[in-house]
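S.K.: 3D, please:
(3 chains)
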Amino acid sequence: MGRSPCCEKAHTNKGAWTKEEDDRLVAYIRAHGEGCWRSLPKAAGLMRCGKSCRLRWINYLRPDLKRGNFTADEDDLIIKLHSLLGNKWSLIAARLPGRTDNEIKNYWNTHIRRKLLGRGIDPVTHRPIADAGAGTVTTISFQPNKPNAAVAAQAPQHQPIKAVATAVVKVPRCPDLNLDLCISPPCQQKEDEELDLKPAVVVKREVLQAGHGGSLCFGCSLGIQKGAPGCSCSSSNSHHRFLGLRSGMLDFRGLEMK
DNA sequence: AAGGCGCTCAACCGCGTCAGG
DNA sequence: TCCTGACGCGGTTGAGCGCCT
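M.R.: Residues are numbered from 1 along each chain as shown, chains lettered A, B, ... in the order given. As a prediction, this is how the structure comes out:
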């Protein structure tokens, strides 16, 4: 049994969106909110597939999107997150307010990948290309309160990405990471409100429904099942900082690449 | 001036996951 | 418990643009 198409393809537009279509979509979502993408096109009077509407909204029309070039700090953060998460673009995007997974994915493939290759670093393993087959672990560690300014640009060639830490964690070089990390819950709301920080993590449905409330471990916020390796919800100290960083929005200012 | 080429990024496609019946 | 439908994600494609020859 084949998969049924997500929409009636015979009567849907494809390709670039027109200004009128954009306006219709924005107007509809402003009036009714997001959700139920399948029925949205019909309700909004659009000859588009629901998936197409969702993508257009998320990647282009959303009002909170930050347009324009990536900053050096964002570059740096993307590289670090990719070294931890692999091609989990949605998770990386969740840590970059105003950026979308598609945008980051494109940026990675067009800019960062090349940049890393130019430095002799394998963009997949984040290890020096000459050392790619070694099969050893990459030590990623972090040291808070060190300036990170343009560390990516200053990273010496043929050096693995590495940071220095109070608590050193070893991660397998395989992208299927065992994220056994000390982290903070993404929503320490009161504290974040005081600092005017907006939680950037999109919390998975199951986590919300499991009644975690505002006390999620970083693993859960990344979509790891509660209780699975990488989840530290049950830990007595659910308020530890993720690698010494604030929750919600990864503060990478204390990270350093060597 | 124009054709070729490479790059960028918006959009599409197919699959995995999950909730609800 | 199984099935189905909807959503979300990551990989891929291709139109449009700018640069080069």
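
S.K.: state the distance from the closest residue to DNA strand B within the stretch 101-250 of chain A to A:Ile104.
M.R.: Residue nearest to DNA strand B within the stretch 101-250 of chain A: A:Thr110 (3.3 Å; C-beta to the nearest atom of the strand). Heads up, the C-betas are built off the backbone N, CA and C, glycines and all. According to C-beta to C-beta, to the nearest Å, A:Thr110 stands 11 Å off from A:Ile104.

S.K.: tell me who's in contact with the residue of the stretch 101-250 of chain A closest to DNA strand B.
M.R.: Not one residue lies near A:Thr110 by C-beta atoms under 8 Å, 6 or more residues apart in numbering.

S.K.: ranges for the strands of the stretch 51-200 of chain A?
M.R.: A:138-140, A:169-171 (DSSP state E, counting those that start in this stretch).

S.K.: so who does the residue of the stretch 101-250 of chain A found nearest DNA strand C touch?
M.R.: DNA strand C sits closest to A:Asp101 of the stretch 101-250 of chain A, with a gap of 4.6 Å, by C-beta to the nearest atom of the strand. Contacts here follow C-beta under 8 Å, 6+ apart; on that basis A:Asp101 touches A:89-90, A:92-93.

S.K.: contacts (any at all) between DNA strand C and stretch A:48-59?
M.R.: Yes - under the criterion of C-beta under 7 Å from any atom of the strand, DNA strand C is reached by stretch A:48-59 at A:50-51, A:54.

S.K.: endpoints of that stretch, how far apart?
M.R.: 16 Å (C-alpha to C-alpha, to the nearest Å).

S.K.: which of the contacts of A:Asp101 sits closest to A:Glu20?
M.R.: Among the contacts of A:Asp101, A:Ala93 lies closest to A:Glu20 (C-beta to C-beta), at 28.2 Å.

S.K.: test my guess that that closest one contacts A:Thr100.
M.R.: Yes - at 5.6 Å, A:Ala93 counts as touching A:Thr100 under the criterion of C-beta atoms under 8 Å.

S.K.: more neighbours: which of these two?
M.R.: For the pair A:Ala93 and A:Thr100, the greater number of neighbours falls to A:Ala93 (22 against 19), based on other C-beta atoms under 10 Å.

S.K.: dump the residue contacts of the more buried one.
M.R.: A:99-101, A:103-104.
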